[in-house]
Each structure stands twice: as C-alpha cells, then as structure tokens.
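just the structure for this:
(2 chains)
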There are 2 protein chains.
Amino acid sequence: MPLDHSEAISRDELQLAARNHGLPLEVLREPLTPVGLHYTLIHYDIPAVDVAAWRLTVDGAVGQQLSLSLEELRTRARVTAPVTFECAGNGRALLAPRPISQPWLVEAVGTAEWTGTPLGPLLQEAGLEDAAVELLFTGLDRGVEGGEPQSYQRSLARPDALAGEVMLAYEMNGEPLPPQHGFPLRLVVPGWYGMTNVKWLSAITALTQPFEGYQQATAYRVHTEEGEPGEPVTRMMPRALMVPPGVPDFMKRERFVAPGPCRLEGRAWSGLAPVSHVEVSTDGGASWDEARLGGDDLGPYAWTAWAYEGWAPEPGSYELRCRATDSAGNEQPEDPPWNFKGYANNSPHSVTVTVQEGA
Amino acid sequence: MPLDHSEAISRDELQLAARNHGLPLEVLREPLTPVGLHYTLIHYDIPAVDVAAWRLTVDGAVGQQLSLSLEELRTRARVTAPVTFECAGNGRALLAPRPISQPWLVEAVGTAEWTGTPLGPLLQEAGLEDAAVELLFTGLDRGVEGGEPQSYQRSLARPDALAGEVMLAYEMNGEPLPPQHGFPLRLVVPGWYGMTNVKWLSAITALTQPFEGYQQATAYRVHTEEGEPGEPVTRMMPRALMVPPGVPDFMKRERFVAPGPCRLEGRAWSGLAPVSHVEVSTDGGASWDEARLGGDDLGPYAWTAWAYEGWAPEPGSYELRCRATDSAGNEQPEDPPWNFKGYANNSPHSVTVTVQEGA
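Numbering: from 1, shown residues only, chains lettered A, B, ... in the order given. Below you'll find the predicted structure:
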C-alpha cells in the first residue's frame, strides 16, 4: 500500500470516496442511523443476488453440511439488537503520511437495528467438529486486491464465532437488508470493526487450520513496516463524535454559532468495554471538561449519547474537541501510533467554530 | 470559486465527498435506484424536521395565502413518475483546471419513483396573480455559501413552475422521503439538473420580480470568467453511463474481464429531448458502434436502458466509452466547453478494462 506525504487526495482515492460514504455528522443526533446515511465500505461491486436461487452453505469440519434458503433462515430463532459499526480505516485520511486506500476522515460509522438468527445454534445443528478452530465467512462479492483475484473472505476464531451476540442478519432497521448492506444475509459481530461483518454471505466453512487469505493475513493488520505480519485488527477502539453545532459553510464545513449558551452533543462507543467517560474541550485541547452520558439506552453493542452544557461562548474562533474513555481504561490518544495501512486512528474529533452575532 | 490545476483533491473537497455520494456504477443495472444508492448533494446540514409542526406556506403574489400540513397535501391529487436526477456538477472533478466544489467524477445520478401532488393546481387554488413572474422555493436547510448566510432557495419562471409534470413529492420509491432526500416534502422538476429539486421545502412564494438570490444569480451559472453573469444552469445535457463489466480492482477500480463475448449495458438520459442514440467505443473513441435502446420503459422523465453485444475481446487492454445523442441533436462532445464552476461536463464515460484468461 503506497503512502502519500501530502494532504492532497489522489484520483484513485476519490473514486472510492464517491462510491462509499460516511455518516453526515449532523445525523449523530439520531440514535439509529437511517439506512442511506449509515456508512458503507464495499471492496468490490455490490453483487446482484437472485434470492430464489441463493443459499447459505455451512460446510467444512461439520457433521452435516447445511444448505439453507432465506425463508429457512427466517423461520429459525430470531434476535434483534442495535449495533454500532465502524470501518477499521476510519481516521485514515488524517494520518501523515497517509496510507492510500478509502480516505475516511471521521465519519465511517453508523448504528442500525439488526435482526437475524444467532450463529451458535446453527453451527451446533451442523455438528461443528471439535477439530474446527476457525469459521470462514465467504461473501458473493468478487474482485482483485493486492494483485490477488478473490471473493471477500474473513474468518473468526471458534470462541469469537460462538459468542452469543453473533448473528446472521437479514433485516436492518426492520426492513430486508438493502443491497449495499449485504442483501440477503450478512454476518454481524458486535464490537468488532466493520470488515468482520461479511456482506452477501454465501458460505460458512469450519476450518481445522487458521485462514491465511488476503483479508486476514495481508489486509487488516496493524504494523509499522511493510511486510511485517503485525497484529490483526479486531475490536473497535473508543471514539466520541460530536454533532457539529450551528450551521456550516458549504465548502469548508466550518461552523457558525450565535454567542451564548450552546449545547454540545454526540455519541461515543468502544468495542472493548462500555464507555465510561466523554470529555469535551472548547479550547483546542488545552483543557477538558466532563460530558454527561446517557439518554437513549440502545444496549451493550451500540453507541452512548453524550451532552455538554458548559459552553456559552463570546464571539471569536474556537476549536471544539471530544474524546471517550472506556471502563477498561482505553483512551483516545491525541496522536495514536501510526500504522502502515491506516487502521484505528481514533485521535479526538475536532470541530472549528466561528461564534458571531446573527449566526 | 478557486481552481485547482493539479489532479489532486483538497481536504475541503474530500469533506464533501465523504458526506455526499454517487451511484455505485454497477447499480446502473437497476431501473430504479434503491434509496441509499441514489446520489445526494446536500449544501448545508440535513435539517431535523418535526413533521407535526411542519407546514408548507404558499404566499407572495397570490389571492389567498395557504398553509398546508403533510396530511393535507397527501389528500390532494396524487401523481407518480420515475424521474432521473443528475447533479449539475457531475463530471466536475474531470475538468482541468478543476473548480473547487463537490468533486464528482461521473456518478452523481439516480432514478427514483417520486410520488406527490402536482404543483399547478395548488398555485391555482392559491389564486396565483397575473403579476407573478417567478415562483421561489425555500428549503429548511441553512448555511453560509460564498460568504452569505442563507436558506437554500431557488426560483422557477412561471411557465416552468406550471408545467404539468412538476410535483411536490412526499414519497420516494413508495416510502416517505428519507431525511437526505428532503423529508417531508421536496420539489421535483423532471428534466432539470438536481439543484432545482429543492429539498425540505417550507415555502413557495410568488414573485413579481425575478429572484436574485445566491443560488440563482451567483451559483449555478455557466460562465468562463469569474464575475461574468453567464447563463443559468437549467436542463440536463445528454449523458450515457455504462455498468462497468467484469470485476474491479479494489483501489484502481480498473476492470478485469474474461476473453470472449461480453455484453455491455447501461443507461442514458437527456433533459432536453428523448435519447435517440447511444454509441459504444471499445477502442478508446477511435471508432463507435450503435447500441440498442430500450428494455424497461420508465416513461418520458427517466433514463433509457441501452445494450451492446458486439464486443468479444481477445486478451489485452481496452478503453470502453459510451455516449448519447438526443432527438433534438444534442450530443456528448469529447471535450465540452470548460466553465468556471464546473457544471454539465458531459464528456463520454470511459472505463478501462484488462481482458485476461481466468478473470
């Protein structure tokens, strides 16, 4: 993956940014993200799926291979949960030098209510063998990446796949999955970065050896030198985002706010532990004050609302920031360690505001 | 509006590209674009609307001012039509030098089935006065643009507003408008570039003098020198787009196709007259061959399907192109006249393909 030492974005990066999109930050006001506003990151093309012919295959180290239609999956046990998804590359375009891939700033996030059937009982029914150490998930999307033709494939270690909250989802916000979110079926693994939630799922294969495919062994690894094996990308680091206050300039997206009391609010999440604190700075990080947590209770796998009512600015220029800490002590560092592929850059969200009369 | 002489995209442009998004080109296979895949161009923020309190006001040079709830609008005459929308800035990022604004390549398009009430009878009921020369449409979205605080506002000349196909839409693809497409109500003017279709509509004002606001007199004008008045942007120029064949490289989006017969297909539209021809080149524009039109009949305001079955390549590198002509003789020039704000660049769509065994 090449690096770019300028702030300027290449044509290749723009092609991805024009296809995939982030959450418009004002929509952080909504506890559940409407479908077309939830971020998307699609490696290849959105496949055209004939749902009448589609089947989910469960094979490999199982006692009984399964082949299930969508209707058969829908008659199984049904679970629903709001889950926050974030792309592992969120924050990449703010790194210097910048790894050349999808150029996210901070907006690659969304929370939806996912409905499906739990994975564990399905694996049990297939007679998952003791020798199975990983489960491999294969999507219908195909393309070339790093020079390798491939279907999109990711694996999970057996205990991660058997965790009670893992589901095969066929609905998003109460409707069948839209094409860009994996119709007819996707994997949902709460707490993990988005690459885990394989879309357009067609096969689950029980493996007796760890999967060494491209998206596991080459992509989605954190390392600082090219060619190093590095560590796998797994769970989401803590992050807080802010609804930008006031109104924007069209092009700069800088904000204009009237003087006087101004409530700040947003959402925060961590895939490692519950969010325990959100702090706000109104002076560019020189000082920090505690925000109040709570509001919508979306359960353990979704973001937490925060609000701060301690800001009543005079006219002038301000840099607002927010940052989250989770109950395991994970923080948002001002400068997270740089890595070669630009994953998990959870440096604090910064919003520039002009306070003026009449804004 | 500044110009950029490099191909590189600035951080400001990236901020817009990460919020707004285009149609993933493979979705051109669908006659109607699913909601989250239709392009969006949102000048300011998506407003939060309390639909119980929301009213549409009709005022200005009318005999009787109206104030209508969504329910009242829904009980009026109901019309439905598939309509193709395209952003006036589509193609901007391919211009050299490049005007700095939303950096579209070719993907700022979509076709939805819009349902609402026709505008003409509503204006008649309000008693539109003979002195009214324009209708001004005001959205709830507010921001700063070109240094001017404003609500988004656009006007139409009286005959354009009274055209039978103009509607106030409250449904998109059979569902209430999603937030990013103007909930609860937007103007839909078939055939015109997208800036005309004012979202989050709150007021229609009959004017006895032409509107000289920012989005009419400063933005959305075609001129080649800064400060010239130029000509207003109005109806969509002809354009054909292609479903990129084969499978993509993740980053470059270049395509890989197996040797042998390969059907090419896509959609074409013009806001000026029906599409009469689509031509395809498989040699980078050196020669052109006629495509077949037709398939889904979506009516007079939506794109037309095209297909071409004359391509059966040997291994090698190819540049595919397509271009449309309408029945009024409007064409897609290889190099459309450059303009200062980057509107209506309808140069032909180009797709680079590697043909190789096993692709």
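
for the rest of this, base every contact and every neighbour count on C-alpha atoms.
Will do.

ok, A:E357 touching A:A258?
Yes - applying C-alpha atoms under 8 Å, one finds A:E357 in contact with A:A258, separated by 5.4 Å.

spit out the residues that contact these two alike.
Jointly contacting A:E357 and A:A258 under the rule C-alpha atoms under 8 Å, 6 or more residues apart in numbering or on different chains are A:P315.

and the two? Which one has more around it.
Between A:E357 and A:A258, counting by other C-alpha atoms under 10 Å in any protein chain shown, A:A258 is the more crowded of the two (19 against 12).

ok, that one touching A:Q356?
Yes - judged on C-alpha under 8 Å, A:A258 makes contact with A:Q356 at a distance of 5.3 Å.

what's the separation between A:L298 and A:T33?
12 Å (C-alpha to C-alpha, to the nearest Å).

who's in contact with whichever residue of chain A sits closest to chain B?
Nearest residue of chain A to chain B, counting by C-alpha to the nearest C-alpha: A:G36, 3.7 Å away. Contacts for A:G36 were tallied using C-alpha under 8 Å, 6+ apart; they are B:35-37, B:180.

biggest separation within the residues you listed, which pair?
Spatial extent of these (C-alpha to C-alpha) is set by the pair B:L37 and B:Q180 at 11.6 Å.

surely A:L73 is within a helix?
Yes - the assignment for A:L73 (DSSP: H, G, I helix; E, B strand; the rest coil) places it in a helix.

so how many other residues sit close to it?
Neighbours around A:L73, by other C-alpha under 10 Å: 19.

what's near enough to touch it?
Residues counted as contacts of A:L73 (C-alpha under 8 Å, 6+ apart) are A:T117.

what's opposite the residue nearest the centre of chain A in the beta bridge?
With distances taken as C-alpha atoms, centre = their mean, A:E86 lies nearest the centre of chain A, 1.3 Å away. On the basis of DSSP bridges, A:E86 is bridged to A:V109.

picking that back up, same list (the contacts of A:G36) but as JSON lines, adding secondary structure and pLDDT.
Output for the contacts of A:G36, formatted as JSON lines (DSSP: H, G, I helix; E, B strand; the rest coil; pLDDT from 0 to 100):
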{"residue": "B:V35", "secondary structure": "helix", "pLDDT": "89"}
{"residue": "B:G36", "secondary structure": "helix", "pLDDT": "95"}
{"residue": "B:L37", "secondary structure": "helix", "pLDDT": "98"}
{"residue": "B:Q180", "secondary structure": "helix", "pLDDT": "98"}
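
just those residues now: which is nearest chain A?
Looking across those and measuring by C-alpha to the nearest C-alpha, the closest to chain A is B:G36, at 3.7 Å.

what sits closest to A:G139 if chain neighbours are left out?
Once flanking residues are discounted, A:G139 sits nearest to A:L201: 4.3 Å by C-alpha to C-alpha, 6 or more residues apart in numbering or on different chains.

the one you found: how many residues sit nearby?
26.

give me the phi and psi for it.
Here is the backbone geometry of A:L201 (degrees, to the nearest 10): phi -60, psi 130.

let's see the pLDDT reported for it.
pLDDT, A:L201: 98.

ok, now the one 4 residues further on?
According to the predicted model, the pLDDT of A:T205 comes to 99.

okay, now it: neighbour count?
By the criterion of other C-alpha under 10 Å, A:T205 has 20 neighbours.

now swap in A:I204 and tell me
Counted with other C-alpha under 10 Å, A:I204 comes out at 22.

OK, contacts around it?
Taking C-alpha under 8 Å, 6+ apart as the criterion, A:I204 is in contact with A:56-59, A:135-138.

now swap in A:L66 and tell me
A:56-59, A:126.

now for the residues you listed, which pair is the farthest apart?
A:L56 and A:A126, at 12.4 Å, using C-alpha to C-alpha across these.

quick one: what helix or strand has A:L16 in it?
Taking DSSP states H and E as the definition, A:L16 sits inside helix A:11-19.

would you tell me what the next helix or strand after that helix is?
In N-to-C order, the element after helix A:11-19 by DSSP H and E is strand A:56-60.
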